[in-house]
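K.L.:
Take a look and give me a structure for this.
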Amino acid sequence: MLQTLLNMLLVIVVFVGLLAGLRCCGRAVQPETSRKLFHVSMGLFVLTLPLLFASIWPVVVLSALTIIMMIALRRVASLKERLGSVICGVKRRSLGEIYFPLGVGSVFCLSNGDRVLYSVPILILALADTAAALVGLRYGRLRFRAMDGYKSVEGSIAFFTVSFASVFISLRSFGCAGGGEAALMALALSFILMIVEALAWRGMDNALIPLCGFFILKAMRM
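P.N.:
Next up is the predicted model:
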């Protein structure tokens, strides 16, 4: 029990530390870049949750606390001024910081200790979703109408490419499939999630990507 509480404290310290660190670097990077750096950093860190926690309840508690803290960063003026700029500095309307812990916590519970079913969707969320946003922001020229604005073909291609590599390498590393089978699974999963990311609005992709990734991957492995 003590070790579980210490691990929960570790997660909270990392969360606050990342916010503080990115806040200090805020003037050197654009708000969208700062937000995505936090996204990818936390996304990679939460890959360690199966190593830190053997049961579901600590992750449920941490997810709930994270959502409460994210709401506080938006609503409480003093917190918003100090740390909230990392997640609230973008001009577009997004609740991605709320959907992120919801998606991570849900997949952790659903995966029931299966590291592949947990790690692959979270890796896609951390890397592919970030790649789509940053490439689209900097290089996006071919734009299309999305649910809450415009997204770019370049961003979608970046999502697909990074997602394919993440899924393929993960499946091969875990020994879940041969080369050809892993490539087909990565191709199908990445294409479907690319469409999910393109259609999602107001940051909902932070929940839809890991959840859809989990259910699709689970169906493929049956």
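
K.L.:
I'd like the distance between the residue nearest the centre of the chain and Glu154.
P.N.:
Centrality entry for the chain: nearest residue to the mean C-alpha point is Leu125, 3.6 Å, by Cα atoms, centre = their mean. Remark: distance between Leu125 and Glu154 (Cβ to Cβ, to the nearest Å) = 20 Å. Placement of C-beta: from N, CA and C, glycine included.

K.L.:
Tyr139 too?
P.N.:
5 Å.

K.L.:
Among the two, which residue is more densely surrounded?
P.N.:
Glu154 (18 against 13; other Cβ atoms under 10 Å).

K.L.:
how distant is the helix or strand that contains the more buried one from the center of its chain?
P.N.:
Element membership of Glu154 [criterion: DSSP states H and E] is helix 153-173. Here helix 153-173 is found 14 Å from its chain centre; the criterion is Cα atoms, centre = their mean, to the nearest Å.

K.L.:
what's the answer for stretch 36-48, then?
P.N.:
Relative to its chain's centre, stretch 36-48 lies at 7 Å (Cα atoms, centre = their mean).

K.L.:
just stretch 215-222 next, same as before
P.N.:
20 Å.

K.L.:
quick one: buried residues of that stretch?
P.N.:
By neighbour count with 16 or more other Cβ atoms under 10 Å, stretch 215-222 contains the buried residues Ile216, Leu217.

K.L.:
would you list every one of the helices in the chain?
P.N.:
2-24, 31-45, 49-52, 57-75, 77-79, 85-88, 96-111, 115-123, 129-139, 153-173, 179-199, 205-221 (DSSP state H).
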